[in-house]
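>>> What follows is a predicted protein model with its sequence.
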Amino acid sequence: MYAGPVPAPVRIGHGSDAGRVRPLNEDYHRVWRFGSEAPLVVLAVADGMGGAAAGEVASKLAIEALDETIRRYVAERDAGRRVVGLPSLLEKAIRLANRRVYGAALERPSEKGMGTTLTCVAFEGGEAHVGHVGDSRAYLVREDRIYQLTRDHSWVEEQIERGVLTEEEGRAHAWRNLITRALGTRPQVAPDTATIEVRPGDVLLVSTDGLHGVVEAEEILAEVGRAGDRQSAVDALIALANERGAPDNVTVVAAEVA
């Protein structure tokens with residue numbers, strides 16, 4: 001599900017699809033753009049889990065907490081008050097999202113055990129700041145290369161890092177969707193954050209695992225390079241995931257740096 005209007009620069013594309021197996025789309029995504037000169041742009045995806053409609057509730061709560069934090073930050077900044085840096089802001093937002101989802105699960109017995117991933121990228125000026133929990137991903141496409149900016153918080157990724165599984169074994173493993181860190185499943189969470197320099201022409205892309213579970217990074221690179229604009233790239237990637245059976249909800253947001 002998408003929350004909010006598509007902001008106006010044309011270099012942003014977004015889309016979400018339930019896929020070919022799941023009856024509901026429990027993903028949630030959003031794009032924010034503040035200011036016209038040196039704008040602050042934020043992309044975010046959340047992949048809810050928990051059964052019934054609980055996953056959709058968790059992902060929506062997470063995006064709403066991020067929205068609230070960003071809007072408060074912009075209001076304070078525009079009023080000339082001292083504000084934290086964007087990396088600290090994203091960490092604060094993710095911790096707030098965790099408390100909101102965890103608290104809601106305690107209050108609503110029908111949604112006990114719900115949780116969500118949350119991956120976001122905020123870019124302003126010449127830097128992009130990444131905040132991340134779970135197995136959704138952020139990528140940077142630069143010229144003819146693609147870089148994964150996040151590390152999956154999953155059992156399979158941990159085994160690959162330890163040398164127990166190879167990348168190829170991990171892709172086909174029965175536990176490849178078992179995540180080890182998510183929002184809302186514990187009272188506290190430790191987000192990953194990172195900052196990179198960006199250049200004109202760079203494409204920042206965030207996706208839920210419904211995309212990268214069936215579409216390889218090099219194929220994402222190829223579609224981004226082939227498409228005439230960001231929306232076309234997003235549409236093509238979602239279509240490719242659906243062609244391959246799309247066993248999970250598929251959400252993709254992409255933005256090209258001007």
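Yep, it's here.

>>> so Glu158 makes contact with Leu178?
No. Using Cβ atoms under 8 Å, Glu158 makes no contact with Leu178, being 9.9 Å away. Heads up, the C-betas are built off the backbone N, CA and C, glycines and all.

>>> between those two, which one's more packed in?
Shown here are Glu158 and Leu178; by other Cβ atoms under 10 Å, Glu158 has more neighbours (15 against 12).

>>> can I assume that one sits in a strand?
No. Counting by DSSP: H, G, I helix; E, B strand; the rest coil, one finds Glu158 to be helix, located in no strand.

>>> What does the pLDDT read for the nearest residue to it once chain neighbours are set aside?
Closest residue to Glu158 apart from its sequence neighbours, by Cβ to Cβ, 6 or more residues apart in numbering: Thr180 at 6.5 Å. Per-residue confidence (pLDDT) for Thr180: 90.

>>> Thr180 and Gln159: what is the separation?
Note on Thr180: its distance to Gln159, by Cβ to Cβ, to the nearest Å, is 11 Å.

>>> likewise Val41?
To Gln159, Val41 is 35 Å away according to Cβ to Cβ.

>>> okay, the two: which has more neighbours?
Taking other Cβ under 10 Å, Val41 and Gln159 do not tie; Val41 has more neighbours (22 against 16).

>>> and the longest helix for this protein?
helix 54-78 (DSSP state H).

>>> So for that helix, mean pLDDT?
Computed over helix 54-78, the average pLDDT equals 96.

>>> Name the residues of it that are buried.
Within helix 54-78, the residues that count as buried by 16 or more other Cβ atoms under 10 Å are 54-67, 69-70, 73-74, 77.

>>> Could you list the low-pLDDT ranges of this structure?
Residue ranges of the chain with pLDDT under 70: 1-10, 36-38, 51-53, 155, 157, 160, 166, 168-170, 172-176.

>>> for it, what spans make up the strands?
Along the chain, the stretches classed as strands by DSSP state E are 12-17, 27-34, 40-49, 115-116, 118-124, 127-133, 137-142, 145-148, 192-197, 203-207, 250-256.

>>> export the ones you listed to CSV and tack on distance to Ile94?
Conversion of the strands of the chain to CSV gives the following (distance: least, Cβ to Cβ, whole Å):
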stretch, distance to Ile94
strand 12-17, 20
strand 27-34, 14
strand 40-49, 10
strand 115-116, 11
strand 118-124, 6
strand 127-133, 5
strand 137-142, 13
strand 145-148, 19
strand 192-197, 9
strand 203-207, 14
strand 250-256, 17
